[in-house]
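K.L.:
all I have is the shape, not the residue letters:
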């Protein structure tokens with residue numbers, strides 16, 4: 001399974017980066033190959049200063065070795081060997097009318113002292129973070145997620161949509177990071193689902209990503225915007241930074257386990273603002289966004 005999934009994310013990275021380069025029309029992804037001293041490595045691809053994408057990354061990694069102490073505590077196990085691979089992406093467009101997007105799909109195995117697999121699971125998801133909210137964009141994103149989920153189980157979309165709303169919640173601000181999407185973790189073999197079923201589901205979601213996001217970019221990329229709207233985008237990006245550094249489990253795990261810092265912090269936007277007690281004007285487009293973020297909505 002690990003070879004099967006790693007081959008999948010390698011191909012998916014190629015598909016996504018080539019599509020995004022064509023969409024941007026100017027910038028190209030710069031590739032950075034790296035190795036992890038403890039075992040494994042990755043292929044980081046970053047795009048910057050494009051026509052559309054101010055900064056973005058589409059990264060894959062496959063790492064193995066002794067399970068870091070922080071993860072031993074998290075999983076409640078003693079010394080153990082592990083393997084983990086995944087694709088993680090974040091795209092920060094320049095135009096505030098185009099939303100930021102994040103996605104991640106991953107696979108994990110853990111072994112006993114004889115090298116036998118003792119547990120294995122999939123995780124991942126994707127979520128949308130607009131700065132100016134066009135309801136039809138959120139509907140499109142969620143409908144694409146739902147359609148992919150429904151091919152496997154009608155219970156998946158409402159369950160993983162709810163988990164996404166709960167996970168991407170800036171508790172210290174009492175608001176969502178964005179308009180959500182899907183979030184799932186610890187998808188293991190069960191009586192109902194084989195590991196291949198889990199693989200088929202996660203890859204279905206991965207394959208649907210471009211369809212969920214590219215039409216939104218194409219619809220919004222030419223819209224005009226003002227300096228004040230750009231300022232609002234950068235203020236909201238500050239909330240994105242706060243979530244990633246305060247709450248995001250993947251970021252915190254990477255920082256605690258000697259992860260590759262450039263790949264971990266690739267998710268942070270290039271230009272951000274923080275204003276004291278910033279409050280949008282009542283009845284404005286900015287206030288509408290905040291009102292939706294304060295109470296997760298059912299989009300489909």
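P.N.:
Here it is on my side, so go on. Source: prediction; values computed, not measured.
K.L.:
for residue 31, what are its contacts?
P.N.:
In this structure, residue 31 makes contact with 43-45, judged by C-beta atoms under 8 Å, 6 or more residues apart in numbering. C-beta: built from backbone N, CA, C; applies to glycine.
K.L.:
for it, grab phi and psi.
P.N.:
phi -100, psi 140 (degrees, to the nearest 10).
K.L.:
now do it against residue 37, distance only.
P.N.:
21 Å (C-beta to C-beta, to the nearest Å).
K.L.:
got it, and residue 67?
P.N.:
Distance from residue 67 to residue 37, by C-beta to C-beta: 16 Å.
K.L.:
higher neighbour count, these two?
P.N.:
Using other C-beta atoms under 10 Å as the criterion, residue 67 and residue 37 rank with residue 67 on top: 20 against 8.
K.L.:
per-residue confidence for the more buried one?
P.N.:
For residue 67, the pLDDT comes out at 82.
K.L.:
what ranges in the stretch 151-300 of the chain fall below the confidence cut-off?
P.N.:
Along the stretch 151-300 of the chain, segments meeting pLDDT under 70 are nowhere present.
K.L.:
and the strands in it, which stretches?
P.N.:
Along the stretch 151-300 of the chain, the stretches classed as strands by DSSP state E, counting those that start in this stretch are 169-170, 175-176, 180-187.
K.L.:
which residues does the residue most central in space within the chain contact?
P.N.:
The chain has residue 103 as the residue nearest its centroid, 2.6 Å off, counting by C-alpha atoms, centre = their mean. Residue 103 is in contact with 87-89, 124-127, 206, 209, counting by C-beta under 8 Å, 6+ apart.
K.L.:
which SS state does it fall under?
P.N.:
strand (DSSP: H, G, I helix; E, B strand; the rest coil).
K.L.:
and residue 151, how far is that from residue 13?
P.N.:
Distance from residue 151 to residue 13, by C-beta to C-beta: 23 Å.
K.L.:
between the two, who's got more neighbours?
P.N.:
residue 13 (20 against 13).
K.L.:
partner residues bridging the closest residue in space to that one that isn't next to it in sequence?
P.N.:
The shortest distance from residue 13 to any non-neighbouring residue, by C-beta to C-beta, 6 or more residues apart in numbering, is to residue 60 (5.0 Å). Listed beta-bridge partners, residue 60: residue 43, residue 87 (assigned using DSSP bridges).
K.L.:
test my guess that residue 60 contacts residue 40.
P.N.:
No - Residue 60 is beyond contact range of residue 40, at 11.0 Å (criterion: C-beta atoms under 8 Å).
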